[in-house]
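Novice: Kindly generate the corresponding structure for this input.
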Amino acid sequence: MRNLNQDNITQAVIASFANTPDARLKEIMTSLVQHLHAFARDVKLTEQEWFEGIDFLTRCGHITDDKRQEFILLSDTLGLSMLTVAMNNDKPQGCTEATVFGPFHVEGAPHYDLGEDIANGAKGTPCLVRGTVRGVNGEPVPGAVLDVWQSDEDGLYDVQHVGLDHAQSRGIVAADGQGRYHFRSIVAVPYAIPHDGPVGQMLEATGRHPWRPAHLHFMVKAPGYETLITHVFRDHSDYLDSDAVFGVRQSLVCDWVAQADGTYLMEFDFVLNPAKSE
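Specialist: Next comes the predicted model:
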């Protein structure tokens, strides 16, 4: 591999993958190099710009920890997360659509009985959330497990509150024998994604805002069905048409209805796709 230049280096790098034992890895690495090199040629990338790009990625790594994933945030704001979701969740008509996972899910959230308050002290206007979980043919999905999480009234998730020693506005509930679920929480509000780091600097430099419309996260699991990762968005929320992470789908928008006692009601039915048989 001598006498490499801008015209032949791409093929030399691709040739270096010739003995990759994993065929899929070889395919991905070959395509990655082709596209990266084509990008550099297309924009006539300078060495200074390359150094700044490396510095940007380095800072993304430095700010990432067990409570903040800057690389997921970067993927989200570039639309890559949503593109990957869309490509891998092509479901039959009538199934609930998937959307981005987001960086604030936490494993091991507390379990609640139906009807309990998952807000657990979080600031916000009380809200009752209820609905059913069904299969695409209309059959109820008894015992479906719903993992739920959301921000509080200040637009912050519990993991963003320094010193908070218990989960708030997140929890796991199981549907009853008819696939019905209900729990209490708080009204969703718009919030800004973390923008005090490299991703925020990228948004500012490109004239973009960091805001997301009001939404409630759900991950729904049941034996015999594909796992669903989605949001339910609050109708009439700001930023529905300019979500910083491109996650809104019209089928996931519903109203939070004000009640006479000052609380709200949100009703949403989930329709799951049967798992593919192997």
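Novice: remind me, longest strand of the protein?
Specialist: Longest strand in the chain, counting residues (DSSP state E): strand 126-135.
Novice: Now the element after that strand, going C-ward?
Specialist: Using DSSP states H and E, the next helix or strand after strand 126-135 towards the C-terminus is strand 145-149.
Novice: Check which element follows that next one along the chain.
Specialist: strand 170-174.
Novice: just the CA coordinates of that next one, formatted as PDB?
Specialist: What follows is strand 170-174, C-alpha atoms only, in PDB (Å, rounded to 0.1, in the frame of the first residue of the first chain):
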ATOM      1  CA  ARG A 170     -41.600   6.800  35.200                       C
ATOM      2  CA  GLY A 171     -42.900   3.400  36.000                       C
ATOM      3  CA  ILE A 172     -44.000   0.000  34.700                       C
ATOM      4  CA  VAL A 173     -47.700  -1.200  34.700                       C
ATOM      5  CA  ALA A 174     -49.300  -4.300  33.400                       C
END
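Novice: Please state the mean pLDDT value computed over that strand.
Specialist: Average pLDDT, strand 170-174: 98.
Novice: One more: stretch 140-155?
Specialist: 97.
Novice: buried residues in that stretch?
Specialist: By neighbour count on 16 or more other Cβ atoms under 10 Å, the buried set for stretch 140-155 is 140-141, 144-153, 155. Where C-beta positions appear, they are placed from N, C-alpha and C, glycine not excepted.
Novice: so what's the backbone phi/psi at Thr84?
Specialist: Dihedral pair for Thr84: phi -60, psi -40, per degrees, to the nearest 10.
Novice: neighbours around it, how many?
Specialist: By other Cβ atoms under 10 Å, the residues close to Thr84 number 12.
Novice: And it, how far from Leu78?
Specialist: Computed as Cβ to Cβ, to the nearest Å, the Thr84 to Leu78 distance reads 11 Å.
Novice: Gly124 is in contact with Gln168, correct?
Specialist: No: between Gln168 and Gly124 no contact is recorded; they are 9.7 Å apart, counting by Cβ atoms under 8 Å.
Novice: Please identify which of the two sits among more neighbours.
Specialist: Using other Cβ under 10 Å as the criterion, Gln168 and Gly124 rank with Gln168 on top: 25 against 19.
Novice: Which residues are in contact with the more buried one?
Specialist: Shown in contact with Gln168 (Cβ atoms under 8 Å, 6 or more residues apart in numbering): Ala119, Asn120, Gly121, Ala122, Asp152, Asp158, His161.
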